[in-house]
Every structure is written in structure tokens, then in C-alpha cells.
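Visitor: show me the folded form of this:
(2 chains)
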Amino acid sequence: MTRYVARRLAFAAFLVIAVSSASLVLARLAPGDFVSQSGSTQVSRAVLDQERARFGLDKSIAAQYRDWLAAAVRFDFGYSMQYGRPVRDLIPERAANTAMLAVTALVLATLIGLPLGVITGSRSGGALPGVIRAASVVLLSMPPLLTSLFLVFVAARTGWLPISGMRSATVPAGGALLDLLRHLVVPAAAIGLPLAAMLERLQSQAMREVIDEPFVLATLARGVPRSRIVWRGALKAALRPVASVYGLIIGTLLSGSFAVEVITAWLGLGSLMLQALRTRDIYLVAGCAGAGALFLACGTLVSDLALAAVDPRAREMPAEQA
Amino acid sequence: MTRGLGLALVTLALLSATAAPVAAPHAVDAHFAGLLNAPPTVPHVADAAGAWHAPFIYRWQLANQLEQRYDEDRSTRVPLAWFSGGHVVRSSDEAAAPLLLLGADSYGRDVFTRLLFGARTSLGLAVTAALAAMLVGTLLGGVAGFAGGVLDDVLMRAADFVMVLPAMYVALALRAVLPLVLTAPQVFALLAAIFAVVGAPFVARGVRAIVRSERRLDYAVAAQALGASDARLLVRHLLPSARGFIAVQITLLIPAFIIAEATLSYVGLGFPDPVASWGTMLQEASGNIRVFADFPWLLSPAAAMFLVVLGVNLVLQNSRPERLRDDRGAGVKSVL
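Guide: As a prediction, this is how the structure comes out:
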């Protein structure tokens, strides 16, 4: 187990370093730099060169990468040119916003998807499973981009919920926290609902397979009530295959949250990264990419370890060597 | 039943993309300067007095220039002209009262026309990229599964690495580091290449697993014993067993690529604006709250995307053979 944990940790570290290094080098190789993207055309070449020197953009790629790496090991990730602030100060706030969005969406998806999956998986006929299944198929065809456009449309038409941003201009009655929660509903639902549909389908399938097992029939024969078998015994056995997809979901969660953050103006990592890429703010690009990779690595690590803890077979055969 | 619905939706999308120049009432870049953000012209069959006529529309009359609100001019009926001027249907008075089945955008362009032409761009890109991903993925997966050893390790580790990253960010970063302003054909080729890179590992992984397990089976050993070369064994005997899996993977990738194009175009890193694609059309909605509240017809590309993805999902859901559910054991299962 210790070796397994060590290997997973090493992979996580490699992921973060590789992703942030690659994005720094890529962003540096891109045509144009921060000065040419933001500067006015009325400025003389000498002034532009002076600006480049100030940001360290006049160095060679190798030298720049070496300096950045040397600083990064001391947790100094460079300076954002457009914000005029250290990257280290900018990232945590945005990363926290993305994490808040992603965690809310994941919790929402789990609370909706799993119980509904148990219902559709354990009953064969009836109106309720049919309705749930139809809703799932519809939601599976609405990735976060479409869901968020639809929810913003509904919110704009009805005026029930705020449609963009994270807080109102003035703190309304009920306090800042309630205000934030109201702003969170649309983006979190946009990511969470398609995810809930996916979990419902998976849980339903896993449930159906477990229900056919002899131990369920044996328990039923001993007179244990059906609802108790479904919600205790069978659910527990069906959870493992579903739990193993949580590690894969985290990547989807980040991808989905990008579109949603842009559409609903949620101030997260995705919108910051987009802005940084467009203005060629290379240190900020590397910082955002690194933070995203860290997020991803932590999520995968936690879900792998959780899986290894419940299922010893997962330790012998980690996901990447099937 | 649901499979039929799915097939119908997919066929409809492909048909409208192919027939766009004929099915659309206008040219893709036609502007109606007096009809900025005009609502859809609904075809009527009964006039205000209740008398019945052949399908006709009413002209939009600007009611409020500032708010871009329009009123129907009920005094004159404008009959529809069928099969005239090379179009299936259009208004008989194109200059004053054009047929706008899905309204007009902020430049006064017909949304319905652009939706049909946009299907060509969006679906064309998605299908091209999926085919490219299939080629690259099948080749790499086949070689990795066949060769084994170090090559297999290297290729599969690389595939795992790409798969673990959030696909949207990879596409975004790759797109953003290239010149920001490109022509439409350049964007098409570039996005297809990026999507192929992101999608190929999903194909490669499954193909590798199938090739690996099929290789040990008697028929493959027999072919080898009879002197078939490695290339022949791989291409003629082993890869055909992965056909079903590859077909399903391509169909799964197409909806993902449609959405990816829309996302990139929405944030301004996809096609340039005059090009009609579902993503560039949605861009109207970014930063303009009135689109959601007052001009909802501008969101019709989102509805089109939903219908296409739904169609693909319905077709897949009911046609996926049992052996494809778990790609790792697919080859073995089919034999047992």
C-alpha cells in the first residue's frame, strides 16, 4: 500500500510540473507577447523593448524557463503582467471559486443521481423509472455549455435567479452568503445536472447487475423486506463500480466548468486562464494550468486511494496499466 | 421507437447541412438593414378577419428603434413563394418582408439560413475531426497492442496522460498559442487537428486492448504460421475485430467535438464571425443579456446542438452490442 501511495504521489507531482512547464513554454512560443497584445501602436520600438526587458520577455526561452523553474521551487510563480500582481496572490482566490463550483456540482449530482439510479435499477416497470430514464437521456444530451445557456435563459425570462457574476452590486437582505448561494444555483446546476444523469445511468446499470446475484435472492427468501435489500445490501455492492468513475469525472468537471464560468461570468480559473492566454500573460497561464493540474491530481489521488482502500485488487492493478 | 427518433434527428441534421443552399431562403451573408434582431415571421393561414388563405406572413414594422421592438403590419398579406429563385420557400416580397423563420441577428441576417449553413461548418468539422481521431487512434492503438514492450508502454502512457487532462483546456491552450487571427479554412484544419489529438487516445486505448487479446487467438496464430506478414496480420485480421468498437467511439466523439467547436467559437477562439457556425452564432449571446430575455431565437443553434446530440445518443443507446460495454475484455467476451 505504501508503495502504491508513493507511486500515485509521484505521478501527481509529475502531472503538475509537466502541465505548468508545458503551458509556459507553449505560451512563450506563441506568436506575439504581452507587450504586442496590450501595447498601443503609437509607441516607439525603444519603449516596447524597454517594456519587454521589464517583464523579462527579452530573455531566451531556455533562460526564461530556467529562471521561472528556479523561482517556482521557492513558491514564487512570477508576476502577472496584466494585473501587476504576483501570480501566487491571484490564483488562490480564483481556484477557490472554481473548487466551490465543482464541489457543489459534484455533491448535487451525487445526491440526485445515485438515489434515482437505485430506483430505476431496482424496478423493471412502472411510470416513475420511465420518467427518470427519459429525463436522464435528455440531460445526457445537454452538456454544461447547453445546460447553462438554457438555465440562464430560464432565469432571465422568469427573473427567479441572478444570471451572471458572483455577487450583487449591493448586499441584499439575507446577507452576503445567501446572495452568493443564489448566484451559485445556475452554474452549479449547469454542471451538476448532466453529471447527475450520467451517475443515474451508471448506478442503474450496476444495480441491475447486483439485483440478479444469488445473494439477493437468498436474502429475499429469508424474508428480509425488499426495500431493505435494495437500499442497504444491493446499494452497497453496487457502489464500487460507480465509485471508480469519480476519478474520471474530475477532468470532465473542470472541462465543463470552463464553459459555464465563461457563460455565467463566474470568476474561476477557467475565465482567468482564457484571459491570460489571450493577452499572452505567460506566467499567469503557467500558474492557472498548474493550479488546474493540482486540482486534477488531488481529485484523482483521493478517488484512487479511496478505491484502493475498499478494493484491494485496485492496488495491484492501478488504472494506467490495464 | 427511440432509435427511430434518433435516426430521424441525425438524418434531418445531415440533410439540412447538405441541402442548405436550396433549403435556406436567403444567401448566408444577406443582411436586412431594417430588421436588426427582428423576431421570427410566423407563417399564417388565416388573416385577422378569420378568412383562410394560402400560407402567408406579415411584414415587420419597427415600433421602437432603440429597443428594437417590431409590430406586425396586418394591413397587407405577403404570400409565400414556393420553389422560386432556386429556393424551396421564400417570401414573395423579399426586399420589404423577407421570410425569417427564426428571426434575424443583430446584423439583420436570417438566423434560419445561418443555422442551416452553420450545420455544414459544425457537423463537417466534427465528422472530419472524428475520422482523423479514428485514423490516428487506430494506428497508434494497433501498433501498441501488436508490438507490445517498450513501444506499447510509451504510447499508452502518453495516451493516459492526454486522457487525464481536461480535454477542453488542452484544446483551449493548443488553440490559443497559435496566431489568434486566422482565415476560416485555417481554423477548420487547425481545430480538426487539435480535436483529433485530444480524441485519438480514447480510440487508441480500446483498439490496443482488442488487438492484444485477439492476437493470442488461434486464427491469428494460424495466419502468422501460414506466413502472413506483421502488417497484413494487423490490418487484415486483427483490426477488423475492433470495427464495432471504433464505430461506437467515433459516434461518441462527434457530439463532443460539436460542443467543443461551439465553446471555442463562443469565447472567440474558433471561427471568425462572418463564417456561419453554431458556435459563432451563439457568440451573439455572450455579453448581451437581452439575447436571453428579448431575442431568444438567437439561441436556436443551442437547440440544434441539443437535437443532434440527443439523436446520436438515442441511436447509440439502443444499438450498442453487449460486447462493447467493457472495451478491456471486448475481444475475449466475443469469443466466449
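
Visitor: give me the neighbour count for residue 120.
Guide: No chain specified, so I'll use chain A. Counted by other Cβ atoms under 10 Å in any protein chain shown, the residues lying close to residue A:120 total 23. From N, CA and C alone the C-beta is placed, and that goes for glycine too.

Visitor: ah, no, chain B please
Guide: Burial of residue B:120 is recorded as 17 neighbouring residues (other Cβ under 10 Å).

Visitor: my guess is it contacts residue B:19. True?
Guide: No: counting by Cβ atoms under 8 Å, residue B:120 sits too far from residue B:19 to count as a contact (10.1 Å).

Visitor: find residues that contact each of these two.
Guide: Counting by Cβ atoms under 8 Å, 6 or more residues apart in numbering or on different chains, no residue touches both residue B:120 and residue B:19.

Visitor: and residue B:276, that one's in a strand?
Guide: No: counting by DSSP: H, G, I helix; E, B strand; the rest coil, one finds residue B:276 to be coil, located in no strand.

Visitor: for it, give me its contacts.
Guide: B:28, B:114, B:117, B:118, B:121.

Visitor: just checking, the first one touches residue B:117?
Guide: Put plainly, it is residue B:28. Yes: using Cβ under 8 Å, residue B:28 makes contact with residue B:117 at a distance of 4.4 Å.

Visitor: ok, those two, which is more surrounded?
Guide: Counted by other Cβ under 10 Å, residue B:28 and residue B:117 do not tie: residue B:117 has more neighbours, with 23 against 18.

Visitor: now residue B:312: closest residue in space that isn't a chain neighbour?
Guide: Computed as Cβ to Cβ, 6 or more residues apart in numbering or on different chains, the closest residue to residue B:312 that is not its neighbour in sequence is residue B:255, at 5.1 Å.

Visitor: just give the number of residues close to the residue lying closest to residue B:37 once chain neighbours are set aside.
Guide: What sits nearest to residue B:37 in space, not counting adjacent residues and going by Cβ to Cβ, 6+ apart, is residue B:68, at 4.6 Å. Using other Cβ under 10 Å, residue B:68 is surrounded by 18 other residues.

Visitor: ok, residue B:68 - contacts?
Guide: B:36, B:37, B:38, B:294.

Visitor: any idea how far chain A is from it?
Guide: 16 Å (Cβ to the nearest Cβ, to the nearest Å).

Visitor: residue 260: helix or strand, and which one exactly?
Guide: All of this is about chain A. In the assignment (DSSP states H and E), residue A:260 maps to helix A:246-264.

Visitor: sorry, should have said chain B
Guide: Following DSSP H and E, the helix or strand that holds residue B:260 is helix B:243-266.

Visitor: quick one: that helix to helix A:246-264, angle?
Guide: Counting by axes from the mean of the first three to the mean of the last three Cα atoms, to 10 degrees, helix B:243-266 lies at 30 degrees to helix A:246-264.

Visitor: spatially central residue for chain A, please.
Guide: With distances taken as Cα atoms, centre = their mean, the residue of chain A nearest its centroid is residue A:254 (2.8 Å).

Visitor: with chain B instead?
Guide: Most central in chain B (Cα atoms, centre = their mean) works out to residue B:123, at 3.3 Å.

Visitor: wasn't it part of a strand?
Guide: No: counting by three-state DSSP, residue B:123 is not found in a strand; it is helix.

Visitor: quick check: closest non-adjacent residue to the residue of the stretch 1-150 of chain B found nearest chain A.
Guide: For the stretch 1-150 of chain B and chain A, the shortest gap (Cβ to the nearest Cβ) falls at residue B:2, measuring 7.8 Å. Nearest residue to residue B:2 in three dimensions, chain neighbours excluded: residue B:314, at 5.0 Å (Cβ to Cβ, 6+ apart).

Visitor: contact partners for that neighbour?
Guide: Per Cβ under 8 Å, 6+ apart, neighbours of residue B:314: A:137, B:2, B:3, B:5, B:6, B:9.

Visitor: and residue B:305, by the same measure?
Guide: Going by Cβ under 8 Å, 6+ apart, residue B:305 touches A:146, B:122, B:258, B:259, B:262, B:278.

Visitor: near the closest residue to residue A:12 other than its chain neighbours, how many other residues are there?
Guide: Using Cβ to Cβ, 6+ apart and skipping residues adjacent in sequence, the residue nearest residue A:12 is residue A:297, 3.7 Å away. Using other Cβ under 10 Å, residue A:297 has 21 other residues around it.

Visitor: residue A:297 against residue A:17, yeah?
Guide: No: counting by Cβ under 8 Å, residue A:297 sits too far from residue A:17 to count as a contact (10.3 Å).
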